[in-house]
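Participant: Compute the structure for the input listed below.
(chains A, B and C)
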Amino acid sequence: MSGRYLLQKLARAVLTIIVIVLLNFLLFRAMPGSPARIASHHPGVTQAAIDQLAARWGLDKPLIPDQLVAYVNATLTGDFGLSYQFRGEPVTEVIGDRFWPTMILIGLGELFAIIIGLALGAYAGWRRGSAVDRVGGGISLVLYSMPYFVIGMPLIIVFAAGLGWFPTSGMFDAGATYASGLDQLLDFAHHLVLPLTTVTLGLVGAYSILMRSAIMETRSEDYITTARAKGLTDGRVLRTHAFPNALLPMVTIIAIDLGYVVAGAITAEVVFNWPGIGTLTVDALQARDYPVLQGIFLLLSFTVVLANLVADLVYGFLDPRVRV
Amino acid sequence: MTVQDAATLRARRQWPMPKQAVPGAPLLEVEDLSVRFRMPGGPSVKAVDGVSFRLEDGEAMGLAGESGCGKTTTALSLVRLLPANGRISSGSVRLFGIDLVPKTERQMARYRWREISMVFQGAMNALNPVKRVGDQIAEPIEIRLGQPRGAAQKRAAELLDLVGIPEKRASAYPHELSGGMRQRAMIAMALACDPALVIGDEPTTALDVMVQAQILALLERLRRDLGLSLMLITHDLSVIAETCDRVMIMYAGRVAEEGPVRRLFSAPRHPYTAKLLSSFPNIRADRRTLDTIPGSPPDLRKPPPGCRFAPRCAHAMPVCTEEAPTEVRFADGVRVACHLFPPGAQGVVASGVAASGIGGGLVRAAALPSAGGRP
Amino acid sequence: MTAAAVTSPPRRHRRLEAARDFAVRFSSRTDGVVGLAILLVFAILAIAPQLFVGPLETAVTATGSSLEAPSAAHLLGTDELGRDILNLTVHGARISMTIGFLATLITIALGAGIGIMSGYLGGKADALLMWLTDVFLVLPNFVLAIALAPILLDIIGAQAELFGIRATLLVIVVVIGVTSWATTARIIRSQVLSLKERMFVDRARVIGTGSGRIMRRHILPNVVNLIVAQSVLTFAYAVFTETSLSFIGLGDPFAPSWGEILAAAQSAGAPGLLAWWYIAAPAVSVVLVVVAFTLVGNALDDLLNPKSAVRR
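Facilitator: The predicted structure follows:
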């Protein structure tokens, strides 16, 4: 990868993060009245907390530069303020507890969806008009059109409440004690199955539809004709010539899609009461816990920007035309 | 260049002849080949219509005509690499006497690249952008010839050397090579399995003139050194004049005229050949005298009855729009399909009037600047 | 009689012919026709829900008892308040489709405006606008929408109304529109760039037409096709997003969209109680409408977009 490419992508990521931070500042300050006044309407926020809030954000000083500087300073040092809701706990701690359950759900969901979706889409696009293409295409379109919670609710009805194979909610059995770490892991996995299936199904549709069209585009490329002229088997042409090229646009698309995945995961978590960022978001929303909401917005935005940066690097690694 | 004896050439093969090969059969014999394309919501199109030709070992044949005349389709149908909506509707393609048309896709794959390989136009697109050039050359050696990876890589490096690319560039990606280098790499790849026939589909079109000359010189050298049989598809008649022994001119899916390059270029018989020659810039000729062919090739969905060139032909007679001309063969090895040369002349040394009279007249007429390009 | 009046009949005739030609081409796309049929059904329901199921039931006017399974009286069962699910779902069509429609208007206006300006003006304006577009492409729209919605609600107050539409719904409309224009801007821009290369813009510029006029009179008519196809796809996305936003509690309980009904089902614990009927009708409606819009959008895109390529 050329240094210029790397630098360009890094600069873009940094700029985007700056915009996000500024946007966050504006959102917060755009509210009528000061944050302190909003907080004072909030039950469970004490006068001491409000005083602290005013001092923290320099609310007695002008908006720009003082408040902005204070805010940027705090954000950069990882201080997102105090939650209104959870007895004034720092936002970072509130969010921190919920971070990993969400990461596991999204990470594994992405992994399965990429493997299944790309394979299905590649095959469907290569064998355009075949039974796999028609049936798979129909299923993909329906999955693609289903909000995650619409996928999750029937899963609960059938596999949890109906057949009783899996728990309906949570991450661990309530009040359970475990004989060993393995037991605990098994319980976790048991709870994970349905939410994970939901997230995976929610993603598979989009990925297979996109991969199908990416493969169909490479199909008509001259180098595919060359590969066929070489007398290679159809499967080999697909695997070693069409697939690696079709993968390139997918890397970017998957990265851009991450924002939607986060959204989907939020609703999936609500359905299964999965103790991640998603359920925290809904709780914070209901309690109008702005510091937590903002913290979530910052965190998820950072994560998506970072994932995009990683995707750019992966792209640079996969495509020799970028790599030098 | 002298055409070498077929037996010597076949003895030079590194790999055995195909098992079903008929001894003494010509390298390639195409008979009455027709290719149809299905069109969405319309009648199918006959892109190639009753084309026949023959290619001997060590021979180089040029295939020329305006774009859309069916020359590339003809070449692709030899190895059945037609687009999904195209298929061979009739005729035979015999390689060493083996008819390839009825072969299954699996059987067909055995002949691809090992017997007939291709060099495509614009190697930037014909080479896989994400694979190293050396790997792409080694791929058929490894997969098709079953050579171990190391040996295949070594052979790929040798082939690169043969076409004038330093061996160390084997690890380069296509975009890292210049246009000329990519085309050389493509040629090296075409030679990977020591094929009996290499088809070049506009192999020099995308290149600038200097590089074109180098690539042509390379092809010439490979023909001499390896006894390569070559089929060169191009609209550039000067390339054919420099490289080929014989030339076949196609118009609207049919053969207009075919024969030895010298005969055909010095005394074209078919009015289309004459027009094509006069419309082509010659380095020595004054560009201002360039002629154009009025009109455009017919819509193959509704081909005109009779001779397909008739609507654009200055010499069209009533019969031309009614009946398709039959091919006649002259003693000098040229065959032509034109009503100016009725079948009575077949097998006879071309009568003075027919050959030099009309043909010569055409050449002279073509040298004049055409007024507005209208007949 | 003016010159325009003289020439107008043949021109209208030509337009009619073009429209008929397009209709013929569209009707050959089975998927598009199926999608259109589904949309027509839902459009009719959305226009006059009370004709089919009577006025919207509330907790007071509920006709059944709590969580009744489907029966002759309640074809699709009842919710925990005893309201008829069929009644709610049909009325939900009106709310969901209205929000989808308005959000699409905002999205397309922003996307097309920014795309055309960026592509046409070029230079620094283009760089700035495209950078902004890039930022919005990367930003997790949905999360931004979640952060934005309660703040907007606090500013205008949840009880406010505009043109008879309740503030909660307006906020959803605005939030979807403001966060999802980036894809459209990208697509329109690339089309404008290639249009710019063509002759007629040069000719218009030489004659001395102003930039704004060129954009309106020469560029816009030529990207209309693309805008139409993109609008239909955006509509699908808007309905999808509305459903999700309502589901997590940003909806209006007094105007039950499909997402709002599903949110109510979730908080009533319907999945755990095996009350599948509570979920089935609104869920199937959402999926049908999104599928239908996607089918129609893809068909239109294939027919109208000169370079229909890979994208979401």
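Participant: any low-confidence regions in the stretch 51-200 of chain C?
Facilitator: C:62, C:157-165, C:198-200 (pLDDT under 70).
Participant: Note down every partner strand of the helix or strand hosting B:A47 and its orientation.
Facilitator: Assigned by DSSP states H and E, B:A47 falls within strand B:45-55. According to DSSP bridges, strand B:45-55 forms sheet pairs with strand B:28-37 (antiparallel).
Participant: Now the strand it pairs with - C-alpha only, CSV.
Facilitator: What follows is strand B:28-37 as a C-alpha-only set of coordinates in CSV (Å, rounded to 0.1, in the frame of the first residue of the first chain):
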residue,chain,number,x,y,z
LEU,B,28,-8.2,-26.5,-38.9
GLU,B,29,-11.1,-26.9,-41.3
VAL,B,30,-14.2,-24.9,-40.8
GLU,B,31,-17.2,-25.7,-42.9
ASP,B,32,-20.5,-23.9,-43.3
LEU,B,33,-20.2,-22.4,-39.8
SER,B,34,-23.3,-20.4,-38.6
VAL,B,35,-23.7,-18.7,-35.2
ARG,B,36,-26.9,-17.4,-33.9
PHE,B,37,-27.5,-14.9,-31.0
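Participant: Quick check: mean pLDDT of that strand?
Facilitator: In this model, strand B:28-37 has an average pLDDT of 91.
Participant: buried residues in that strand?
Facilitator: Neighbour-count burial for strand B:28-37, counted by 16 or more other CB atoms under 10 Å in any protein chain shown, picks out B:28-31, B:33-37. C-beta coordinates here come from the backbone N, C-alpha and C atoms, glycine included.
Participant: Of those residues, which is the nearest to chain A?
Facilitator: Closest approach between the buried residues of strand B:28-37 and chain A, by CB to the nearest CB: B:F37, at 14.7 Å.
Participant: what helix or strand is the residue in the stretch 1-150 of chain C that chain A sits nearest to on?
Facilitator: Evaluated by CB to the nearest CB, the stretch 1-150 of chain C has C:F142 as its residue closest to chain A, separated by 3.0 Å. Per DSSP H and E: C:F142 is located in helix C:141-156.
Participant: Tell me which other helices or strands that helix touches.
Facilitator: Where contact means 3 or more CB pairs under 8 Å, 6 or more residues apart in numbering or on different chains; DSSP states H and E, helix C:141-156 is packed against helix A:3-30, helix A:243-272, helix A:277-286, helix A:290-318, helix C:167-179, helix C:220-245.
Participant: Spell out which residues of the stretch 51-200 of chain C are next to chain A.
Facilitator: Residues of the stretch 51-200 of chain C found near chain A (CB under 8 Å from any CB of the partner chain) are C:131, C:134-135, C:137-144, C:146-148, C:150-151, C:154-155.
Participant: Now do the domain split for chain A, please.
Facilitator: The record's domain parsing of chain A by automatic domain parsing lists A:32-79, A:96-322.
Participant: which of these sits most buried?
Facilitator: Compared across these, domain A:96-322 shows the largest average neighbour count, a mean of 20 (mean count of other CB atoms under 10 Å in any protein chain shown).
Participant: Let's see the distance spanning it from one end to the other.
Facilitator: 37 Å (CA to CA, to the nearest Å).
Participant: Likewise for stretch A:229-240?
Facilitator: With CA to CA as the measure, stretch A:229-240 spans 14 Å from end to end.
Participant: Do that stretch and chain B come into contact?
Facilitator: Yes. Residues of stretch A:229-240 contacting chain B under CB under 8 Å from any CB: A:229-234, A:236, A:240.
Participant: which of those lies closest to chain B?
Facilitator: For the residues of stretch A:229-240 next to chain B, the nearest to chain B is A:G231 (3.5 Å; CB to the nearest CB).
Participant: Nearest the geometric middle of chain C, what residue?
Facilitator: C:F235 (2.2 Å; CA atoms, centre = their mean).
Participant: who's in contact with that residue?
Facilitator: Contacts for C:F235 (CB atoms under 8 Å, 6 or more residues apart in numbering or on different chains) come out as C:100-101, C:104, C:293, C:297.
Participant: If we use 6 Å, what do you get?
Facilitator: Neighbour list for C:F235: C:100, C:104, C:293 [criterion: CB atoms under 6 Å, 6 or more residues apart in numbering or on different chains].
Participant: go on, C:D21?
Facilitator: With contact set as CB under 6 Å, 6+ apart, C:D21 has no partners.
Participant: State the distance from it to C:G210.
Facilitator: Distance from C:D21 to C:G210, counting by CB to CB, to the nearest Å: 34 Å.
Participant: Same question for B:A126.
Facilitator: As judged by CB to CB, B:A126 and C:G210 stand 47 Å apart.
Participant: Comparing those two, which shows the higher neighbour count?
Facilitator: Neighbour tally, B:A126 and C:G210, criterion other CB atoms under 10 Å in any protein chain shown: the higher count belongs to B:A126, 27 against 10.
Participant: So A:I151 belongs to a strand, correct?
Facilitator: No. Under DSSP: H, G, I helix; E, B strand; the rest coil, A:I151 sits outside any strand and is assigned helix.
Participant: residue contacts, it?
Facilitator: A:I151 neighbours (CB under 6 Å, 6+ apart): A:198, A:201-202.
Participant: per-residue confidence at the residue of chain A found nearest chain C?
Facilitator: Closest to chain C within chain A is A:A263: 3.0 Å, counting by CB to the nearest CB. We have a pLDDT of 75 for A:A263.
Participant: In this structure it contacts C:F142, no?
Facilitator: Yes. Shown here, A:A263 and C:F142 form a contact pair, counting by CB atoms under 6 Å, at 3.0 Å.
Participant: So the nearest residue to A:P291 once chain neighbours are set aside versus A:V91, what's the distance?
Facilitator: Nearest residue to A:P291, sequence neighbours excluded (CB to CB, 6 or more residues apart in numbering or on different chains): A:G81, at 4.1 Å. Distance, A:G81 to A:V91, using CB to CB: 5 Å.
Participant: do B:C307 as well
Facilitator: Distance, B:C307 to A:V91, using CB to CB: 84 Å.
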